[in-house]
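K.L.:
The amino acid sequence is not available; the structure is as follows:
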């Protein structure tokens, strides 16, 4: 059951609604059915700015701070 965000075009009320069994959604404020589905912040945001890769170490392969040749990945 998906959770959608709507704006009523009749009264401008914004709300979230859990849609069940393809029933037509209705505004809880004015009971109008002229609704516009909005993009959810959670669903629309796909930013990788917070996921940073680990800094590579001196050898550049595994990030081992002991330097080149310190691990088996440097070969």
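P.N.:
Good, I have the coordinates. Nothing here was measured: the structure is a model prediction, and the numbers come from that model.

K.L.:
Now do the strands in this protein.
P.N.:
Along the chain, counting by DSSP state E, strands occupy 3-8, 14-18, 35-38.

K.L.:
Listing request: residues of this structure with sub-threshold pLDDT.
P.N.:
Counting by pLDDT under 70, the ranges of the chain that qualify are 1, 40-64, 67-75.

K.L.:
returning to what we had before: and residue 65, which of the strands of the chain is closest to it?
P.N.:
With respect to residue 65, and counting by C-beta to C-beta, the nearest of the strands of the chain is strand 3-8 at 45.8 Å. Every residue, glycine included, has its C-beta placed from N, CA and C.

K.L.:
in terms of contact, does residue 38 touch residue 5 like I think?
P.N.:
Yes - judged on C-beta atoms under 8 Å, residue 38 makes contact with residue 5 at a distance of 4.3 Å.

K.L.:
got any residues that touch both of those two?
P.N.:
Common contact partners of residue 38 and residue 5 (C-beta atoms under 8 Å, 6 or more residues apart in numbering): residue 14.

K.L.:
Could you report the neighbour count for residue 32?
P.N.:
For residue 32, the tally of surrounding residues (other C-beta atoms under 10 Å) stands at 13.

K.L.:
And for the nearest residue to it once chain neighbours are set aside, the neighbour number?
P.N.:
Excluding the flanking residues, the one nearest residue 32 by C-beta to C-beta, 6 or more residues apart in numbering is residue 10, at 3.9 Å. For residue 10, the count of nearby residues is 14 (other C-beta under 10 Å).

K.L.:
For the residue nearest to residue 11 when sequence neighbours are not counted, give me its contacts.
P.N.:
Nearest residue to residue 11, sequence neighbours excluded (C-beta to C-beta, 6+ apart): residue 30, at 4.4 Å. Applying C-beta under 8 Å, 6+ apart, one finds that residue 30 lies in contact with 8, 10-11, 13.

K.L.:
same question, residue 26
P.N.:
Counting by C-beta under 8 Å, 6+ apart, residue 26 touches 32-33, 35.
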